[in-house]
Structure formats: structure tokens, C-alpha cells
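A.B. asks: turn this into a structure:
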Amino acid sequence: MSWIVFSCRSSPLSGLFSPSSVDRLQHKFMNEQTKASVVAADDRPVALRVSCMHISVPPGASASSEDAKHSAVFPSGQITLFVLVTVLFFLWGMSNNLTDILVQQFKKSFELSQLSAQLVQTANFLGYFCMAIPAALIMRRWGYKAGMILGLGMFGSGMAMFWPAAVSGMYVPFLVALFTVGCGASILETAANPFMAQFGPAATSERRLNFAQSFNPPGTIIGVIIGARFIFSGVELKPAEVAAMRQAGTYAKYLHTELMRVVPTYIALGSVVLLFALLLSRMKFPSIASEHEDESGDHGTFRALLHYPHLWFAVVANFCNVGAQVAVWSSLIPYMKQFTAMSERTAAGYLTATLVAFSLGRFFSTQLMKYIAPSRLLGIYGAMNVVLLSLAITRPGLQGAYAIVVSSFFLSLMFPTIFALGLKGLGPNTKLAGSFLVMAIAGGAVFPPILGLVARETGSLAIGYVVPLMGYAVVSAYGFFERRIVAL
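C.D. replies: Numbering: from 1, shown residues only. This is a model prediction of the structure:
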């Protein structure tokens with residue numbers, strides 16, 4: 001069943017929609033055996049729902065490039081809600097890359113090894129693994145809106161937990177707080193990603209999700225800038241200074257002061273998240289039942305997902321993609337500290353540069369997908385990152401750092417493209433399938449500590465970058481062979 005809204009000509013954004021595409025779709029559907037029913041619930045805007053009785057799409061099949069060019073990207077009549085949900089991508093982007101700052105800050109404040117410091121990422125992304133399926137079950141029962149509000153509530157509460165954690169002066173309470181943040185983000189992404197993919201014509205689902213995800217990088221950039229400014233103190237003691245402070249009995253106080261610097265940033269961001277949850281709770285969401293359930297009320301089953309191999313290959317690819325991304329970014333500052341003479345704040349500037357490249361890649365790649373199949377572009381981008389990380393491994397230092405920065409450009413389209421390709425053709429099973437793709441974000445909990453372990457055993461963070469390189473190789477293979485996988 002597909003959603004068609006025939007009022008795009010009157011929209012103030014009519015230039016973004018193709019009237020001719022609506023005419024073609026009307027003509028096509030009228031030639032099929034169709035039935036139309038008007039749906040209006042809870043004072044929502046009335047839309048025309050067309051149930052196509054004899055039109056079938058093979059699981060995972062992509063729309064033709066011609067259809068994608070002429071189909072609308074944005075949902076007509078629902079622009080306000082579209083904008084508000086897009087802001088969610090910005091908000092969790094701010095949080096996700098603050099953890100890269102925390103890795104270095106906790107390594108200093110708690111005097112941790114690289115492996116122990118990477119538990120920051122493990123705690124955060126383990127929440128994705130644990131909450132994705134419960135989130136899908138919640139949304140199957142109560143819908144996307146309930147999932148988004150619940151996710152924002154847990155997200156903001158986890159950030160508020162940073163205050164008592166800092167007062168305790170122990171590492172474990174911070175990991176618990178980060179796990180709570182990860183659980184909230186898991187629910188939020190399980191709701192927002194499939195909602196965006198389906199909040200409009202199916203032919204443009206990849207472009208629409210890439211557009212929404214394009215606002216995630218600006219959030220990450222702002223998050224890193226805030227972290228570098230307000231969390232990093234700029235004080236980096238030399239061994240002789242540390243010894244002198246220990247002898248004077250002031251070193252423990254210095255470490256606690258460094259630790260408390262994380263509190264204001266997280267309390268402020270958590271407050272914004274909770275206020276946004278209140279705002280979103282006042283919005284009315286449209287029913288998108290056509291993509292989730294048939295007229296008998298079928299919500300899909302886990303057993304049915306076994307019949308969609310393209311979903312499981314997408315889950316594996318997403319696990320490797322997110323694992324590689326988190327490992328690359330969270331290790332960049334320690335990488336530069338090991339192979340250059342840069343300070344923490346200067347190295348954080350390079351992390352900001354990776355996020356700028358990431359943001360540019362999102363906007364550029366969304367347009368490029370009009371002309372190149374998303375799966376093929378995914379394969380090319382994955383191969384480029386294999387080459388760039390090879391340079392980071394063999395040329396540690398500034399050359400390697402530049403290669404890591406550029407790799408973020410090609411990383412940009414991977415998550416939303418894999419997500420959208422994995423959800424193609426799943427009908428009533430979409431919500432449950434989305435939960436597995438979000439569970440795959442747990443790759444971010446696995447890859448960083450493995451990188452840290454390799455770095456500890458070899459004494460070189462550069463060699464540790466072999467771990468994300470292998471992840472990108474898997475993503476590249478998935479992109480090039482995705483069409484064959486769909487045909488299985």
C-alpha cells in the first residue's frame with residue numbers, strides 16, 4: 001500500500017515536488033484495480049490513501065532511477081513535522097561525538113589505558129544493542145511518536161546522570177550514564193530512521209533519509225566544538241609537573257577538577273533534549289500504516305524476517321560501518337597525540353574537520369544519488385576508505401591524519417543508505433526490521449576496544465586502524481553485491 005498526497009501544487013514548497021509525477025502515478029493507479037479511502041485521525045490533515053491491489057514489488061527492489069528523479073522527496077502538507085523530526089538527527093549527533101571527547105578526557109582524569117578509555121564507546125553503543133528490539137515492540141504497539149518521546153526521555157535522563165557520576169568521582173557511574181544515553185538514542189533512532197524513510201514516496205526513501213541524516217553532521221560538529229571548548233581545559237601536564245603535584249598532594253584535586261568539566265555540557269544538552277521531548281509530544285503524527293501493516297492489522301513477525309536475506313546482509317554491513325566509524329573518530333585524537341606534537345585542543349580541531357568533511361559528503365552524496373545507484377555509490381565509497389585508511393596505517397603522522405579526515409567524506413552516505421536498502425520491500429515487517437538495523441549500531445561497542453587492544457599489543461595506534469579498514473572492506477563488498485543479494 002502506498003501513500004499519495006495530491007495537494008503538492010498548492011504547497012509553498014511546490015518547487016520541490018513534481019506535479020507531473022503525481023499525474024503519472026494517478027494514471028497508473030487508476031488503470032489498476034484500486035480502492036481509495038480517506039483517513040483522518042486525531043484532527044490530522046486528511047490524506048488520500050490508495051491501496052494498490054495488484055501492484056507488487058519484490059523484496060528489496062529499488063525504484064528505477066527515472067521514478068526517483070521525478071518523485072517528491074519531502075512529504076506535502078507535513079513539512080513542520082518533517083522539520084521537527086529532522087532536528088532529532090541534529091540532537092543525537094551532538095551527543096554521539098561528544099563521546100570522542102570523553103575518551104580522551106576520561107583517559108586523563110582516571111589515568112586509563114587506551115583500551116579502558118574506549119569502554120566509553122562500548123557503554124554507549126551497548127545501549128543500542130539492548131534497546132533496539134524493545135523499542136520496535138513499543139512502536140509496533142503505540143507507534144513512532146511514542147518511540148520518539150520515550151527515546152528523548154531516556155536520552156535526556158542519561159545526560160542528567162553525569163552530575164551524580166562526577167560527584168562520585170568513579171568511572172563506572174559514568175559508564176552507566178552513557179549506557180542510559182545509548183538506550184535512549186537506540187529508541188530514538190529505531191523510530192526516526194524508518195519513519196523518515198517512509199514519510200513520503202518509496203522511490204525517494206534513500207534520498208529523504210540521507211537528507212535528514214545530513215543534519216546529523218552539523219550536530220556532531222557543534223558537539224565536538226563545545227566539547228573541545230568546555231570539556232578540554234587546555235592543561236596538559238608533563239611528567240615532571242605530575243610528580244611535583246603528587247608530592248605536594250594537589251594532583252588528585254587537579255584530576256577531580258578535570259572530571260567535573262564534563263558536567264555543565266551534559267546537563268545543558270540533557271535539558272534541551274527533555275524540552276524537545278515536551279514539544280514533540282504536542283505534535284500530531286500521521287498514520288503510516290500502509291508501510292507497516294495491511295488492512296487486517298498485520299504488524300509483522302520476527303519469523304517473517306527470515307525470508308528477507310537482503311535485510312540480514314544490511315545488518316552485517318551496518319555493524320561493520322558503525323564500528324569502523326566510531327573506531328576511526330574516537331581514536332583520532334590519541335592517534336595525533338602519539339604521532340604528532342599537537343595539543344588536545346589542536347587535535348580536536350582535526351576531529352572537527354572530519355565532521356565537516358562528513359557533513360559535506362552527506363549533502364553532496366544525496367544529490368549524486370539522483371544519477372548513480374545508491375548501492376553502487378556505497379561500494380565505491382567503501383573502497384575509497386579502504387585506500388585512505390591504508391595510508392593512515394603506513395604513513396602515521398600528519399599524512400595519515402589528513403587521510404582520516406578525508407575518509408569521513410566517503411563515510412557520509414553509508415549509514416542512511418544501508419538502512420534504507422535494508423528496509424526495502426518489508427511492508428508490515430518494517431518496524432521490526434528497523435530494530436535489527438539499529439541493533440547493528442552495537443558495532444560501535446565492539447570495534448573501538450579491539451582497536452585499543454591491537455594498539456596496546458603493538459604499541460601503535462596506526463596499526464590499530466587495520467580494524468576499521470576491515471569494516472569498510474565489508475561495506476564496500478555489500479554495496480557492489482547488493483543487487484545480487486536482493487535477487488536471492
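
A.B. asks: grab the longest helix from this protein for me.
C.D. replies: Taking DSSP state H as the criterion, the chain has its longest helix at helix 79-109.

A.B. asks: buried residues in that helix, which are they?
C.D. replies: The neighbour-count check on helix 79-109 (16 or more other Cβ atoms under 10 Å) flags 81-82, 85-86, 88-109 as buried. The way it works is simple: take the backbone N, C-alpha and C, and place the C-beta from them, glycine included.

A.B. asks: hmm, G223 and T352 touching each other?
C.D. replies: No. Assessed by Cβ atoms under 8 Å, T352 is found out of contact with G223, at 9.7 Å.

A.B. asks: of those two, give the one with the bigger neighbour count.
C.D. replies: Between T352 and G223, counted using other Cβ atoms under 10 Å, G223 has the larger neighbour count: 26 against 20.

A.B. asks: the more buried one: helix or strand, and which one exactly?
C.D. replies: For G223, the element it lies in under DSSP states H and E is helix 216-230.

A.B. asks: now do the SS call for E236.
C.D. replies: coil (DSSP: H, G, I helix; E, B strand; the rest coil).

A.B. asks: tell me the contacts of it?
C.D. replies: Applying Cβ atoms under 8 Å, 6 or more residues apart in numbering, we find E236 in contact with S343, E344.

A.B. asks: measure it to L259 for me?
C.D. replies: 16 Å (Cβ to Cβ, to the nearest Å).

A.B. asks: ok, K145 to R282 distance?
C.D. replies: Taking Cβ to Cβ, one finds K145 at 11 Å from R282.

A.B. asks: so which of the two has more stuff around it?
C.D. replies: K145 (19 against 6).

A.B. asks: quick check: closest non-adjacent residue to the more buried one.
C.D. replies: Nearest residue to K145 in three dimensions, chain neighbours excluded: F285, at 4.4 Å (Cβ to Cβ, 6 or more residues apart in numbering).

A.B. asks: got it, and Y251?
C.D. replies: M245 (4.0 Å).

A.B. asks: send the alpha carbons of the strand or helix carrying that neighbour over as PDB?
C.D. replies: Using DSSP H and E, M245 sits within helix 239-248. Taking C-alpha atoms only, helix 239-248 is exported to PDB below (Å, rounded to 0.1, in the frame of the first residue of the first chain):
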ATOM      1  CA  PRO A 239      55.700  14.000  33.800                       C
ATOM      2  CA  ALA A 240      57.800  16.300  36.000                       C
ATOM      3  CA  GLU A 241      54.800  18.500  36.700                       C
ATOM      4  CA  VAL A 242      52.700  15.500  37.600                       C
ATOM      5  CA  ALA A 243      55.400  14.200  40.000                       C
ATOM      6  CA  ALA A 244      55.700  17.600  41.700                       C
ATOM      7  CA  MET A 245      51.900  17.800  42.200                       C
ATOM      8  CA  ARG A 246      51.800  14.300  43.600                       C
ATOM      9  CA  GLN A 247      54.500  15.300  46.100                       C
ATOM     10  CA  ALA A 248      52.500  18.400  47.000                       C
END
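
A.B. asks: show me what contacts N96?
C.D. replies: Residues in contact with N96 (Cβ under 8 Å, 6+ apart) are N124, A185, T220, G223.

A.B. asks: any chance of CSV for the residues you listed, columns pLDDT and distance to P264?
C.D. replies: Below are those laid out as CSV (pLDDT from 0 to 100; distance: Cβ to Cβ, whole Å):
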residue, pLDDT, distance to P264
N124, 92, 20
A185, 89, 21
T220, 82, 19
G223, 87, 14
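
A.B. asks: could you chop the chain up by domain?
C.D. replies: As assigned by automatic domain parsing, the chain contains the domains 2-56, 79-283+297-486.

A.B. asks: just the helices in the stretch 251-400 of the chain please.
C.D. replies: Taking DSSP state H, counting those that start in this stretch to define them, one finds helices in the stretch 251-400 of the chain at 251-260, 262-281, 309-330, 332-339, 344-368, 374-394, 398-411.

A.B. asks: for the helix or strand containing L178, buried residues please.
C.D. replies: Take DSSP H and E as the rule and L178 turns out to sit in helix 171-198. For helix 171-198, burial by neighbour count (16+ other Cβ under 10 Å) applies to 171, 173-175, 177-198.

A.B. asks: low-confidence stretches in this structure?
C.D. replies: Scanning the chain for pLDDT under 70 picks out the ranges 1-77, 288-300, 486-488.

A.B. asks: tell me which residue is most central in it.
C.D. replies: Central residue of the chain (Cα atoms, centre = their mean): F415, 6.4 Å from the mean position.

A.B. asks: please look at that residue and A212 and confirm they touch.
C.D. replies: No. Applying Cβ under 8 Å, one finds F415 not in contact with A212, separated by 11.3 Å.

A.B. asks: contact partners for the residue nearest to K337 when sequence neighbours are not counted?
C.D. replies: Spatially, and ignoring its direct neighbours in sequence, K337 is nearest to A347 (6.2 Å; Cβ to Cβ, 6+ apart). A347 makes contact with L332, I333, M336, K337, T340 under the criterion Cβ under 8 Å, 6+ apart.
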